[in-house]
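Chemist: Sequence and computational prediction follow.
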Amino acid sequence: MRLDASGADHGAPLTDPSLSPPTQAVESTDGVLLTVHDLGGPGPDPIGARRRPILLTHATGFHGLVWAPVARHLAGFHAWAPDLRGHGASPTPTDRGMDWDGFADDVLAVVDALRERSLVEGELVAAGHSKGGAALLLAEQRRPGTFAALYCYEPVVFPPDLASADGARAPEGPNPLAAGARRRRPTFDSRDQAFDHYASKPLFSVVDPEALRAYVDHGFVDRPGGGVELACRPEIEAQVFEMASTHQAFAHLGEVTCPVTIATGAGGDFGPADFAEQIADALPNGRLARYPDLGHFGPLEAPARIAAGIAEAVTPPA
């Protein structure tokens with residue numbers, strides 16, 4: 001038994017091989033071998049029909065398995081969730097920085113591999129959180145028609161007046177998210193200790209315990225001398241944040257013609273929620289969905305509600 005900070009039991013760890021979903025190894029650019037989790041879908045297969053394939057992409061610092069609680073509520077869908085480069089079980093490029101075009105490379109590599117292996121057939125839809133949403137938009141811009149529909153929860157796509165060539169937060173100055181990442185505690189005695197540490201923090205206290213457990217179980221790796229350490233190293237996370245405003249996704253939103261739902265939480269501080277409406281307005285077939293009681297971690301806070309929003313957004317009208 002493992003208890004969270006409130007004393008509730010949240011079951012066996014995802015690191016238990018008998019409970020971990022199957023994976024696919026996919027070669028991306030820069031020699032990166034991605035781990036792609038086959039999250040499947042809830043309940044029996046639909047009678048007389050195949051499940052619709054959906055790709056789920058994670059935020060900075062996280063990994064594919066944090067989508068598992070959402071996937072369990074996506075009836076009629078078969079979900080695939082990659083660990084993007086430098087995150088989870090996927091390595092960091094050795095000869096390339098953490099520019100966000102590399103995450104688009106990863107998305108397209110996964111799509112191609114799943115199709116080549118006949119694991120995905122027909123139309124493909126996708127949902128992404130934060131960086132994961134931006135990666136989907138960048139991939140669709142590079143290769144129009146990759147996705148039939150997208151759902152992006154607070155994608156990090158800076159409008160021109162907020163972006164900067166050197167990656168600084170607008171208007172100028174150091175990136176506080178990168179600074180915070182570099183201060184992040186990298187090691188713990190155990191995953192249980194890490195879980196209790198995060199559960200006690202205000203930022204993570206609103207996260208669904210199952211999603212937090214998934215993050216901790218797969219987001220840490222065992223250390224040779226004992227204990228665990230972050231799979232996405234603080235310096236790598238910081239580099240990702242520093243590159244967040246240097247990609248050109250906003251300038252090319254007009255090239256994304258498939259239906260796109262831009263979902264957003266309450267916002268309040270400078271962040272993706274503050275320009276979600278601008279992103280939706282710049283898309284030819286964009287729609288804004290608000291969740292005023294959720295924050296930037298919405299998909300991790302309310303998996304069932306976000307799953308319902310995703311299903312509605314990517315399902316064509318009858």
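Modeler: Yep, that arrived.
Chemist: Please enumerate the strands of the stretch 1-150 of the chain.
Modeler: Ranges of strands within the stretch 1-150 of the chain are 23-27, 33-40, 52-57, 77-83, 125-129, 149-153, based on DSSP state E, counting those that start in this stretch.
Chemist: Distance to residue 305 for those strands - can I get that in TSV?
Modeler: Using the backbone N, CA and C atoms, a C-beta is placed for each residue, glycine as well. Converted to TSV, those look like this (distance: least, Cβ to Cβ, whole Å):
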stretch	distance to residue 305
strand 23-27	27
strand 33-40	18
strand 52-57	15
strand 77-83	16
strand 125-129	13
strand 149-153	11
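Chemist: between the ones you listed, which gets nearest to residue 189?
Modeler: For residue 189, the closest of the strands of the stretch 1-150 of the chain is strand 77-83, at 24.2 Å, according to Cβ to Cβ.
Chemist: Format the strands of the stretch 1-150 of the chain as a markdown table; extra columns: mean neighbour count.
Modeler: Output for those, formatted as a markdown table (neighbours: other Cβ atoms under 10 Å):
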| stretch | mean neighbour count |
| --- | --- |
| strand 23-27 | 16 |
| strand 33-40 | 21 |
| strand 52-57 | 26 |
| strand 77-83 | 27 |
| strand 125-129 | 29 |
| strand 149-153 | 28 |
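Chemist: Make CSV from those and add distance to residue 140 and mean pLDDT to it.
Modeler: Listed next are the strands of the stretch 1-150 of the chain as CSV, based on distance: least, Cβ to Cβ, whole Å; pLDDT from 0 to 100:
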stretch, distance to residue 140, mean pLDDT
strand 23-27, 18, 97
strand 33-40, 19, 97
strand 52-57, 11, 97
strand 77-83, 16, 97
strand 125-129, 9, 98
strand 149-153, 7, 98
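Chemist: how near is the closest residue to residue 207 other than its chain neighbours to residue 123?
Modeler: Closest residue to residue 207 apart from its sequence neighbours, by Cβ to Cβ, 6 or more residues apart in numbering: residue 300 at 4.6 Å. Distance, residue 300 to residue 123, by Cβ to Cβ, to the nearest Å: 27 Å.
Chemist: Neighbour count for those two, which is higher?
Modeler: Neighbour count, other Cβ atoms under 10 Å: between residue 300 and residue 123, residue 300 has more, with 28 against 14.
Chemist: residue contacts, the more buried one?
Modeler: 66, 69, 129, 207, 208, 211, 212, 215 (Cβ atoms under 8 Å, 6 or more residues apart in numbering).
Chemist: tell me the mean pLDDT for whatever helix or strand the last one lives in?
Modeler: Spelled out, that is residue 215. Element membership of residue 215, judged by DSSP states H and E, is helix 209-219. The pLDDT scores in helix 209-219 average 96.
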